[in-house]
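Novice: Here's my sequence, what's the structure:
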Amino acid sequence: MLKRKLKVKELVYAALLTALALMIPLVFGTYLRIYIPPFSATLASHLPVFLSILISPFAAIFVGFGSALGFFLVTGPVIGARAAIHILVGGAGALLIQKGYSFKLALFLIFPIHAIGEALIVLPFGFSLADAGIIVGIGTALHHIADAFLAIAVYELLKAASFDLKQEGIQKQISN
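Specialist: Purely as a prediction, here's the structure:
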């Protein structure tokens with residue numbers, strides 16, 4: 001079995017993004033939430049997960065768990081289960097980044113995993129196939145696009161400030 005040493009900065013970034021993933025539903029959820037039954041979306045809720053894919057699969061999965069926990073505590077099991085898809089979405093995105101895909105392309109490629117995953121996860125909760133596919137699936141797709149634009153903007157601002165979340169960027173920051 002291949003063991004990988006967890007870097008302190010990787011852990012710190014994952015913890016900070018997890019704290020943000022928890023704060024969004026716990027603190028800002030009432031202000032940022034759009035609710036059109038049976039769909040709900042909390043603006044910027046994907047931002048921590050999307051940024052974490054730049055760090056590592058560990059960070060992305062860790063932040064995804066934090067996101068799911070925050071939404072489960074505030075909104076209950078249906079939206080908490082939908083947020084649990086962030087674990088898969090984040091892990092897949094981080095693997096794409098590791099393979100050399102650009103941030104924008106990785107966000108585009110995880111788009112169907114996210115929308116279809118959230119649509120399927122609500123079926124055991126009694127949602128009809130139409131509500132799951134049309135309302136949750138399309139709603140998640142639109143939410144993914146909005147938060148992807150936000151994540152790209154934040155990432156570009158961080159890069160402009162000489163703060164790069166990508167693993168090679170972290171290494172440069174350590175050596176400087």
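Novice: how about residue 36, what does it touch?
Specialist: Counting by Cβ atoms under 8 Å, 6 or more residues apart in numbering, residue 36 makes contact with 135, 139. In short, each C-beta sits where N, CA and C put it, glycine included.
Novice: what's it sitting at in phi/psi?
Specialist: Backbone torsions for residue 36, taken as degrees, to the nearest 10, come to phi -130, psi 90.
Novice: Okay, the residue nearest the centre of the chain and residue 134: tell me how far apart.
Specialist: With distances taken as Cα atoms, centre = their mean, residue 49 lies nearest the centre of the chain, 2.6 Å away. Between residue 49 and residue 134 the computed distance is 24 Å (Cβ to Cβ, to the nearest Å).
Novice: just residue 146 next, same as before
Specialist: Residue 146 is 18 Å from residue 134, where distance means Cβ to Cβ.
Novice: Tell me if the residue nearest to the centre of the chain really is in a helix.
Specialist: Yes. With DSSP: H, G, I helix; E, B strand; the rest coil as the criterion, residue 49 is part of a helix.
Novice: right, and it touches residue 67 too?
Specialist: Yes. Between residue 49 and residue 67 there is a contact under Cβ atoms under 8 Å: 5.8 Å.
Novice: any shared contact partners between these two?
Specialist: 21, 86.
Novice: Lowest mean pLDDT among the helices and strands, pick that one out for the protein.
Specialist: Least confident helix or strand, the chain: helix 167-175 with a mean of 48, by mean pLDDT, DSSP states H and E.
Novice: And the pLDDT for the residue lying closest to residue 137 once chain neighbours are set aside?
Specialist: Distances taken as Cβ to Cβ, 6 or more residues apart in numbering place residue 119 nearest to residue 137, at 3.4 Å, with adjacent residues excluded. At residue 119, the model reports a pLDDT of 97.
Novice: And residue 119, which helix or strand is it part of?
Specialist: Under the criterion of DSSP states H and E, residue 119 resides in helix 103-121.
Novice: Okay, buried residues for that helix please.
Specialist: Neighbour-count burial for helix 103-121 flags 103, 106-107, 110-111, 113-121 (criterion: 16 or more other Cβ atoms under 10 Å).
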